[in-house]
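J.: pasting the sequence and the predicted model now:
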Amino acid sequence: MTDGISSVLKEDRKFHPSKAFTDHARLSSRMAYDSLYRKSIEEPEEFWRDETRDLHFREPFKTFSEWNLPKAKFFEGAKLNVSESCLDRHLTTSARTRAAIIWEGEPGEVRTLTYFELHREVVRLAAAMADLGIKPGDRVAIYLGMVPEAAIAMLACARLGATHSVVFGGFSSEALRDRINDCGAKLLLTQDGAWRRGSVIPLKKMADVALEKTPSIENVIVLTRIGAQKAPLEMKAGRDHHWHEIIRKDHSEDAKKRSQHPDAFDAEHPLFILYTSGSTGKPKGLLHTSAGYLAGVHVTSKYIFDLKEGDLYWCTADVGWVTGHSYIVYGPLSCGASCFMYEGAPNFPNPSRMWRLIEKHGVTIFYTAPTAIRAFMRWGDEHVQKHDLSSLRLMGSVGEPINPEAWVWYHKTIGGDRCPIVDTWWQTETGSIMLSTLPGACYSKPGSTGLPLFGVDIDVVDDRGAPAKAGEGGKLVIKKPWPSMARTIYGDEQRFFDTYWKPLENMYFTGDGARRDEDGYFWVVGRIDDVLNVAGHRIGTAEIESALVSHPSVAEAAAVGRPDDLKGQALVVFVTLKDSHKADETLKKQIAEHIDREIGKFARPDEIRFANALPKTRSGKIMRRLLKEIAAGAVELKGDTSTLEDFNAVAALRSDEE
Ligand code: WT7
């Protein structure tokens, strides 16, 4: 459980926000946070009534919540169209002509969409989708890169009441196909290609492979981002439509009505499905619904990122992950924020790119991941120092534990010792941030994710569910449902219950280990289940193993994490081969390419090790703990380990301890 680098360096200094920050912060004292938090727990109905006032509910809610685990409902009685809170409500204020999205492509072109323009594009796309037969509740798959159209597509789905399922552009054709089939999507939105480090990722071509085996897909809308010279398209007549053509068609009266004056839906109407890894080979499609999710991301965006008019907020996540959903699209747009969005790689054409972007556009709030921060550190301070980062006033971190050394570097070198850092803990399942410091109200401690957010009853408990003492390690749990939580795993209610609500009776189990210190600050250590966090990407070991054994040469496989200075965890796989296959470099390469195909390049193992046999307990369980120690170099293997490893000797030293 102390995997990763979080345990290497402890830092117990407290960093207080400066007076300059606090003077203008939405919440500017610990007392203000405490009293708002108390209200959110003791009088939740009133708290949420106040905090959702800004949102556009066509009918107010009658009851705040009702649950019978694992089922929970929030804001019953409310009627809303989520896209109206993100778009229409800004059209009657000064936000109308404010930038909603300022986007820079990897090659360097810039596009700005005001709230007026974003609304117009969403209405156009929604009308086109309505004419393709998209109805409330239909599933729509989105396989796009980092372009404004990703936000447009999500909001157009919300407008029609369709459920989007965004599949990260780094996933392979196979992964896309499985996700489309799991939710039975009728429509796919994709693009010709996406720029990444100067080359083109041919998304439509990859989608075409998936589309050979996705019977539910009736139509495909294809955005031209790159152009025919570098990303030639094969359009299938009757199925594939050019984005720019289809939005300009003469739409039916019904489509015009449903896009311009959209329907309002119930609070629990599904908003999106997002797949994430768990401890079996099959990814889970977490289902989020409307009012509770929107309320959660709205409130957290407003207070944690302290969003105000004049800010330019940049979250570097990809829209394909939950961070992109909640903190590029729904959260900040529901606050009327101006969001910066960048298409490409952080080190293209050189390691200064991010800092150049901050300087050029005047970014004020910057939210990124520890793995990126560690890469920036490694690339060297000279790339930062060339740029004027004085526009920054607040910075954030998300996705994995941040080691204090990286935190302190981030604070000093990027933030000029001036910007508070919010270390935000949350998950695909939680929908919105559950733990963080409030930047103007609380001090930060490097490596700590701070305090609970509003309405979040979170704790550290032992194996039996009893609260752990201050400073003692245990399991991180949330003791009662909260508005933005996922409502189910799409099509698998039982798994939803078994995974989250069964391990510790009547509490939500996060899968993370943590401790809470004397000040009430939380320290999240990392996953304690079979899920790895590799460079901020969540990867299930079972998913990797099932992909490995589907290769014709592989008999058995075990995937484990090894602490890594840059990625937090690196992925190491141990493989035994079927007879007649030779353990050599060529086969290693083939196996690596097989993972690229089955899941995506981001899941490619950092190390592939061949073994004679995997070490097992007498009852036949793979000794994962031993493999982890071996992967980390903590256990010496005797004999020649250059090609085939023989674990039997070491395994024999350990009895059935696992
Ligand atoms: C897992 C969730 C939620 C955004 C991106 C990841 C780890 C996330 C932190 C943090 C320590 C963190 C946890 C969690 N995690 N944020 N600030 N400090 N660990 O979403 O893919 O659903 O992964 O990421 O282990 O369970 P996700």
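T.: Happy to help now that I have it.

J.: who in this structure is up against the ligand?
T.: Listed as neighbours of the ligand in the chain under the rule C-beta under 6 Å from any ligand atom: 276, 322-323, 398-401, 423-428, 449, 510-512, 524, 526-527, 533, 538. Where C-beta positions appear, they are placed from N, C-alpha and C, glycine not excepted.

J.: narrow the residues you listed to those in strands?
T.: Residues of these located in strands (DSSP state E): 276, 398, 423-424, 510-512, 524, 526-527, 533, 538.

J.: from those, which is closest to residue 624?
T.: Sorting these by how near they are to residue 624, with C-beta to C-beta, puts residue 527 at the top with 13.0 Å.

J.: burial count for that closest one?
T.: 22 (other C-beta atoms under 10 Å).

J.: in the sheet, who's paired with it?
T.: Beta-bridge pairing of residue 527, defined through DSSP bridges, involves residue 512.

J.: so it sits right up against residue 511, yeah?
T.: Yes. Using C-beta atoms under 8 Å as the test, residue 527 is close enough to residue 511 to be in contact (5.6 Å).

J.: ok, which stretches of the stretch 151-300 of the chain are strands?
T.: For the stretch 151-300 of the chain, the strands defined by DSSP state E, counting those that start in this stretch occupy 163-166, 187-191, 194-196, 199-201, 219-223, 240-242, 265-266, 270-276, 284-289.

J.: pick the most buried one from those strands.
T.: strand 187-191 (a mean of 27; mean count of other C-beta atoms under 10 Å).

J.: any idea how far the residue of the stretch 501-650 of the chain found nearest the ligand lies from residue 356?
T.: Using C-beta to the nearest ligand atom, residue 538 is the residue of the stretch 501-650 of the chain that sits closest to the ligand, at 3.5 Å. Using C-beta to C-beta, to the nearest Å, one gets 30 Å for the distance from residue 538 to residue 356.

J.: one more: residue 226?
T.: Residue 226 is 23 Å from residue 356, where distance means C-beta to C-beta.

J.: between those two, which one's more packed in?
T.: residue 226 (22 against 15).

J.: so that one touches residue 201, yeah?
T.: No. Using C-beta under 8 Å, residue 226 is not in contact with residue 201, being 9.5 Å away.

J.: between these two, which contacts overlap?
T.: Overlap of the contact sets of residue 226 and residue 201 (by C-beta atoms under 8 Å, 6 or more residues apart in numbering) consists of 193-195.

J.: of those, closest to the ligand?
T.: Sorting these by distance to the ligand puts residue 194 at the head of the list, at 20.8 Å, by C-beta to the nearest ligand atom.

J.: so for that closest one, what's the nearest residue that isn't a sequence neighbour?
T.: The spatial neighbour of residue 194 that comes closest, neighbours along the chain excluded (C-beta to C-beta, 6 or more residues apart in numbering), is residue 145 at 2.9 Å.

J.: hang on, the one you found packs against residue 225?
T.: Yes. Counting by C-beta under 8 Å, residue 145 does reach residue 225; the two are 7.0 Å apart.

J.: higher neighbour count, those two?
T.: residue 145 (28 against 21).

J.: returning to what we had before: mutual contacts of residue 145 and residue 225, please.
T.: A shared contact of residue 145 and residue 225, defined by C-beta under 8 Å, 6+ apart, is any residue touching both; here these are 191, 194-195.

J.: who are the packing partners of whichever strand or helix holds residue 48?
T.: Element membership of residue 48 [criterion: DSSP states H and E] is helix 44-51. Packing partners of helix 44-51 (3 or more C-beta pairs under 8 Å, 6 or more residues apart in numbering; DSSP states H and E): helix 30-42, strand 63-68, helix 291-304.

J.: TSV for the ones you listed, including mean pLDDT and mean neighbour count?
T.: Conversion of those to TSV gives the following (pLDDT from 0 to 100; neighbours: other C-beta atoms under 10 Å):
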stretch	mean pLDDT	mean neighbour count
helix 30-42	98	15
strand 63-68	96	14
helix 291-304	98	27
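
J.: pipe these into CSV and attach distance to residue 267 per row.
T.: CSV is the format used below for those (distance: least, C-beta to C-beta, whole Å):
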stretch, distance to residue 267
helix 30-42, 18
strand 63-68, 10
helix 291-304, 4
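
J.: so which of these is nearest residue 236?
T.: Closest to residue 236 of these, according to C-beta to C-beta: helix 291-304, at 34.5 Å.

J.: point me to the residue of the stretch 301-450 of the chain nearest the ligand.
T.: Evaluated by C-beta to the nearest ligand atom, the stretch 301-450 of the chain has residue 428 as its residue closest to the ligand, separated by 3.4 Å.

J.: ok, that residue - contacts?
T.: When contacts are counted by C-beta under 8 Å, 6+ apart, residue 428 touches 274, 276, 286, 321-322, 486, 538.

J.: repeat that for 10 Å
T.: 274-277, 284, 286, 288, 321-323, 325-326, 486, 538 (C-beta atoms under 10 Å, 6 or more residues apart in numbering).

J.: equivalent analysis for residue 549, please.
T.: The contact partners of residue 549, by C-beta under 10 Å, 6+ apart, come to 281, 555-557, 575-576.

J.: ok, and the closest non-adjacent residue to residue 546?
T.: Once its chain neighbours are removed from consideration, residue 546 has its nearest residue in residue 281; the separation is 3.4 Å (C-beta to C-beta, 6+ apart).

J.: also residue 142?
T.: By the measure of C-beta to C-beta, 6+ apart, the closest residue to residue 142 outside its immediate chain neighbours is residue 166, 4.4 Å from it.
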